[in-house]
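K.L.:
task: produce atomic coordinates for the following.
(one chain, ligands or ions: 2)
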Amino acid sequence: MLPTPGIPTVDLSPFFTTGDESGRKKAKETITEACTDYGFFQIVNHAVPIHLMNHAMDLSKTFFSYSDDVKRKFSSGPDAPLPAGYNKQPDHSPDKNEYLLMFPPESSLNVLPDDPPDFRKTMEEMFKYFVKTGQILEDIINDCLGLPPNFLKEYNSDRSWDFMVTMQYLPGTETDKNGITEHEDANLITIVLQEDVGGLEVFKNGEWIPVIPTKGTLVVNISDIIQVLSNKKFKSATHRVVRPVGKSRHSYVFFYNLQGDKWVEPLPEFTREAGMAAKYRGFYYKDYQALRLKNKTHPPSNPEDIITLTNYEI
Ligand SMILES: O=C(O)CCC(=O)C(=O)O
Ligand SMILES: [Fe+2]
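P.N.:
Ligands and ions are numbered 1, 2, ... in the order given. Now for the predicted structure:
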């Protein structure tokens with residue numbers, strides 16, 4: 001299938017070699033434009049091997065085909081900072097999906113299944129490759145924003161807060177297709193691998209655009225922390241999942257994240273030095289992440305009580 005019209009696809013290969021300065025420049029121009037307007041794009045020639053992505057998708061489908069009793073054996077206790085292992089959205093949630101959440105492979109918080117064989121090892125490999133892609137993207141975004149070299153890398157040097165979810169969405173029906181309600185992600189950068197059936201939609205210039213899955217392509221969403229640091233120069237992508245009618249859907253979503261005790265506020269480059277007022281008040285990331293998680297685990301009955309970045313707007 002051809003890539004979705006209107007959503008730029010960026011070739012990351014110039015960033016894996018030296019010498020292709022014009023390739024890097026072109027990629028950065030495309031990314032800057034996309035992030036300034038709506039905050040998402042697609043990537044090819046990233047770090048994640050295609051055969052690994054295919055294998056990971058097959059194993060995920062097998063795991064989710066098991067009974068709830070089997071899947072629930074891999075759920076974490078209440079102490080984890082995020083619900084590690086297997087979880088299903090509560091019945092009253094408008095989001096109809098179940099997922100397996102993992103922290104970095106070495107984390108003691110992980111509860112990963114040993115069945116199907118190879119699943120755990122494959123998820124760990126996916127995780128490591130996603131980290132690599134995330135680091136390259138972070139470096140590119142650092143340059144696109146005109147920040148001092150390695151600024152974001154040094155600000156965001158603790159990789160223990162990254163997490164990945166493997167998801168299954170139930171088949172949509174004519175009357176209920178919601179998989180994930182429209183939202184922006186709370187972290188720094190999100191990388192999505194979706195199954196061929198599609199379903200991911202992104203909001204661009206006032207329109208919902210379905211992202212057509214293309215072999216080997218990953219979708220990148222700029223998330224809230226970049227929007228705050230850049231004082232809204234780069235936008236956190238608004239997106240949702242619409243469940244395809246009659247077909248279940250699988251995806252891998254990698255959240256390149258930030259250490260909880262980091263203070264987040266618009267950087268001087270985009271406020272004082274640019275003669276602009278700050279658009280957000282500052283916060284500790286762990287407080288924001290906790291509030292955002294509460295939206296999911298204890299959805300407020302009044303949608304206006306859902307916490308998003310707008311609660312921090314000045
Ligand atoms: O499953 C997907 O394609 C995207 C999921 C998503 O947006 C999220 O988990 O925040
Ligand atoms: Fe999301």
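K.L.:
which parts of the stretch 51-200 of the chain sit against ligand 1?
P.N.:
Val165, Met167, Ile180, Asp185, Val192, Gln194, Leu200 (Cβ under 6 Å from any ligand atom). From N, CA and C alone the C-beta is placed, and that goes for glycine too.
K.L.:
count of neighbours near Asn87?
P.N.:
Asn87 has 21 neighbours, counted by other Cβ atoms under 10 Å.
K.L.:
residues in contact with Lys96?
P.N.:
Gln89, Tyr169, Leu170, Asp176, Asn178, Gly179, Arg243 (Cβ atoms under 8 Å, 6 or more residues apart in numbering).
K.L.:
distance check, the second one against Ile225.
P.N.:
Using Cβ to Cβ, to the nearest Å, Tyr169 is found at 26 Å from Ile225.
K.L.:
pLDDT weak spots in the stretch 51-200 of the chain?
P.N.:
77-79 (pLDDT under 70).
K.L.:
stretch 220-230 near ligand 1 at all?
P.N.:
No: contact of stretch 220-230 with ligand 1 (Cβ under 6 Å from any ligand atom) is absent, the minimum separation being 7.3 Å.
K.L.:
residue of the stretch 201-314 of the chain nearest ligand 1, please.
P.N.:
In the stretch 201-314 of the chain, the residue that lies nearest ligand 1 is Ser251 (3.5 Å; Cβ to the nearest ligand atom).
K.L.:
phi, psi for that residue please.
P.N.:
Here is the backbone geometry of Ser251 (degrees, to the nearest 10): phi -150, psi 160.
K.L.:
from Gly275, how far out is it?
P.N.:
For Ser251, the distance to Gly275 (Cβ to Cβ) stands at 42 Å.
K.L.:
show me the contacts for the most centrally placed residue in the chain.
P.N.:
Closest to where the C-alpha atoms of the chain average out (Cα atoms, centre = their mean) is Thr190, at 2.5 Å. Going by Cβ under 8 Å, 6+ apart, Thr190 touches Val220, Asn221, Ser223, Val253, Phe254, Phe255, Tyr256.
K.L.:
which residues in the protein form helices?
P.N.:
Listed in chain order, the helices of the chain (DSSP state H) span 21-37, 50-64, 68-72, 119-144, 151-155, 224-229, 285-297.
K.L.:
present the ones you listed as CSV; the columns should include mean neighbour count.
P.N.:
Shown next, in CSV, are those (neighbours: other Cβ atoms under 10 Å):
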stretch, mean neighbour count
helix 21-37, 16
helix 50-64, 17
helix 68-72, 12
helix 119-144, 19
helix 151-155, 17
helix 224-229, 25
helix 285-297, 17
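K.L.:
with distance to Lys247 added, can I get the ones you listed in a markdown table?
P.N.:
As requested, the helices of the chain are exported to a markdown table (distance: least, Cβ to Cβ, whole Å):
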| stretch | distance to Lys247 |
| --- | --- |
| helix 21-37 | 29 |
| helix 50-64 | 12 |
| helix 68-72 | 20 |
| helix 119-144 | 22 |
| helix 151-155 | 38 |
| helix 224-229 | 31 |
| helix 285-297 | 24 |
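K.L.:
of Ser251 and Gly275, which one has the most company?
P.N.:
A count of neighbours by other Cβ under 10 Å puts Ser251 above the other of Ser251 and Gly275, at 25 against 6.
K.L.:
which of the contacts of Thr190 count as buried?
P.N.:
For those, a neighbour count by 16 or more other Cβ atoms under 10 Å gives the buried set as Val220, Asn221, Ser223, Val253, Phe254, Phe255, Tyr256.
K.L.:
what residues are up against the third one?
P.N.:
By that I understand Ser223. Contact analysis of Ser223 by Cβ under 8 Å, 6+ apart lists Glu184, Asp185, Ala186, Asn187, Leu188, Ile189, Thr190, Ser236, Ala237, Phe255.
K.L.:
with the second one instead?
P.N.:
Applying Cβ under 8 Å, 6+ apart, one finds that Asn221 lies in contact with Gly39, Phe40, Glu184, Asp185, Ile189, Thr190, Ile191, Val192, Val202, Ser236, Ala237, His239.
K.L.:
which ones among the buried ones among the contacts of Thr190 map onto strands?
P.N.:
The strands, defined by DSSP state E, take in Val220, Asn221, Val253, Phe254, Phe255, Tyr256 from these.
K.L.:
dump these to a markdown table, plus pLDDT.
P.N.:
Output for those, formatted as a markdown table (pLDDT from 0 to 100):
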| residue | pLDDT |
| --- | --- |
| Val220 | 98 |
| Asn221 | 96 |
| Val253 | 98 |
| Phe254 | 98 |
| Phe255 | 98 |
| Tyr256 | 98 |
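K.L.:
coming back round to it: most neighbours out of the contacts of Asn221, which is it?
P.N.:
For the contacts of Asn221, the largest neighbour count, defined by other Cβ under 10 Å, is 28 neighbours, found at Ser236.
K.L.:
so what's the backbone phi/psi at it?
P.N.:
Ser236 adopts backbone torsions of phi -80, psi 120, taken as degrees, to the nearest 10.
K.L.:
returning to what we had before: nearest to Arg292, of the ones in strands among the buried ones among the contacts of Thr190?
P.N.:
Of all those, Arg292 sits closest to Phe255, with 11.1 Å by Cβ to Cβ.
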